[in-house]
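K.L.:
quick one, what's the 3D model for this:
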Amino acid sequence: MNPEGSPISRRVRDIPPSGIRRFFDLLASMEGVISLGVGEPDFVTPWHIREAGIYSLEQGYTSYTSNYGLLELREELASHIAGRRGISYDPQRELLITVGVSEGVDLALRAILDPGDEVIVHDPSYVSYIPCTVLAGGAFVPVPTNLENDFQVRAGDIEKRITQRTKAILLGYPSNPTGAVMDREELVKIAKVAKRHNLLVISDEIYERLVYGVEHTCFASLPGMKERTILLRGFSKAYAMTGWRIGYAAARDEIIEAMMKIHQYTIMCAPTMAQMAALEALKGGDAEVEEMVADYDQRRRVMVKGLNDIGLTCFEPKGAFYAFPSIKGTGLSSDEFAESLLIEDKVAVVPGSTFGQCGEGHIRCCYATSLEEIEEALERMARFVKRHRAR
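P.N.:
Coordinates of the predicted model:
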């Protein structure tokens, strides 16, 4: 028992609960709410993918797979990555199937960090990055990004924060919560910083298929970066497979082996039927991905225009399915804005402060919902902003 008398470890006690969860709990108790808060596709997993999962059950594929995941899935992934990004991974030694990218982030950090090692993370960033760093015994070092540079992290800002304790740079682009996509030129500069200081890069690219009018650059594809990169991707967003919980990690063999050690003792393997469904998604899901991306793009344009029209300044997000407008003109904090909007006008958004200090003064609006609901939400938000605009 620790001196405070609690059976809970200090490390866990010091981690705050997710700021997103509090608003979901409020949302569950209210009727007539339009949610722009949940970062989840509103599409159902395409039928042929669901059918593959069902068929696997009917055929009795209900036992464990290899800790690394189904070899057939890893082989298909290796082919997929080579075809789309020109990177060659050994399916037997350099790929690991995970329970979503969330597990991948956790495994990567625990596999590489010793107590006190520092991880440089852009701010704002996805809510799990900092807690997972702390749980792995590391220290996070935030790098501010802002509206003026479209929330892209700069190589120079990263380099200024490197110390003798720095072990890795963690990048999450296309970004949740901002929708930012990194320019290739800036990523090349970051790659040079990583090489100069002998750092690893964890690149969370879960939204890599969801980009609009731009090209996504896979960090591992940059010159000399495959050996330094832990590439994390998954099926949840592009294929509308959130509940199937399938992701993967690609990295050099010693890193994958280290991640697998943790994975085998905590998870054993990802669900077999979900892996079979993921295999079908890779083999025949591209047409549906393209259709969903086109739909998101239409919603994105309506959302961004609507937010700017009501006075919530919003840069054009080029990836994922989030808009990240400024609410500073209302004089409300992001928490006050989100809570008041939910209670008064029944629209759920997520306060930007949930994603880091630089998220304060913003809210995250997810446009993975119908155009009809987006348009109605914008009307409600317009009324709210008109009432609360700072004098």
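K.L.:
now do the SS call for the closest residue to residue 75 other than its chain neighbours.
P.N.:
Once flanking residues are discounted, residue 75 sits nearest to residue 91: 4.5 Å by CB to CB, 6 or more residues apart in numbering. Any C-beta I mention is one placed from the backbone N, CA and C, and that applies to glycine too. Following DSSP: H, G, I helix; E, B strand; the rest coil, residue 91 is assigned to coil.
K.L.:
for residue 91, list the residues it contacts.
P.N.:
By CB atoms under 8 Å, 6 or more residues apart in numbering, residue 91 lies in contact with 71, 74, 75, 77, 78.
K.L.:
count the residues that sit near the second one.
P.N.:
It stands for residue 74. By other CB atoms under 10 Å, the residues close to residue 74 number 25.
K.L.:
cool, and the third one?
P.N.:
Other residues near residue 75 come to 14 when the count uses other CB under 10 Å.
K.L.:
helix, strand, or coil at it?
P.N.:
Using three-state DSSP, the three-state assignment for residue 75 comes out as helix.
K.L.:
and the pLDDT for it?
P.N.:
Model confidence at residue 75, given as pLDDT, is 98.
K.L.:
can you tell me how far the residue nearest to residue 75 is from residue 68?
P.N.:
9 Å (CB to CB, to the nearest Å).
K.L.:
shared neighbours, the two?
P.N.:
Common neighbours of residue 91 and residue 68, using CB under 8 Å, 6+ apart, are residue 74.
K.L.:
excluding its backbone neighbours, what's nearest residue 380?
P.N.:
Nearest non-adjacent residue to residue 380, counting by CB to CB, 6+ apart: residue 345, 4.2 Å away.
K.L.:
quick one, helices of the stretch 101-250 of the chain?
P.N.:
Here the stretch 101-250 of the chain has its helices, by DSSP state H, counting those that start in this stretch, at 129-135, 155-160, 184-196.
K.L.:
could you dump the ones you listed to a markdown table with distance to residue 279 and mean pLDDT?
P.N.:
A markdown table is the format used below for these (distance: least, CB to CB, whole Å; pLDDT from 0 to 100):
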| stretch | distance to residue 279 | mean pLDDT |
| --- | --- | --- |
| helix 129-135 | 28 | 95 |
| helix 155-160 | 37 | 98 |
| helix 184-196 | 30 | 98 |
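K.L.:
take those helices and write them to CSV, including distance to residue 312 and mean neighbour count.
P.N.:
Listed next are these as CSV, based on distance: least, CB to CB, whole Å; neighbours: other CB atoms under 10 Å:
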stretch, distance to residue 312, mean neighbour count
helix 129-135, 26, 21
helix 155-160, 26, 16
helix 184-196, 27, 17
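K.L.:
in CSV: these, plus distance to residue 287.
P.N.:
What follows is these, written out as CSV (distance: least, CB to CB, whole Å):
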stretch, distance to residue 287
helix 129-135, 33
helix 155-160, 37
helix 184-196, 27
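K.L.:
out of the ones you listed, nearest to residue 278?
P.N.:
The minimum distance between residue 278 and the helices of the stretch 101-250 of the chain falls on helix 129-135, with 22.9 Å, by CB to CB.
K.L.:
by contact count, what packs against that closest one?
P.N.:
Judged by 3 or more CB pairs under 8 Å, 6 or more residues apart in numbering; DSSP states H and E, the packing partners of helix 129-135 are helix 10-13, helix 100-112, strand 118-123, strand 139-144, strand 166-172.
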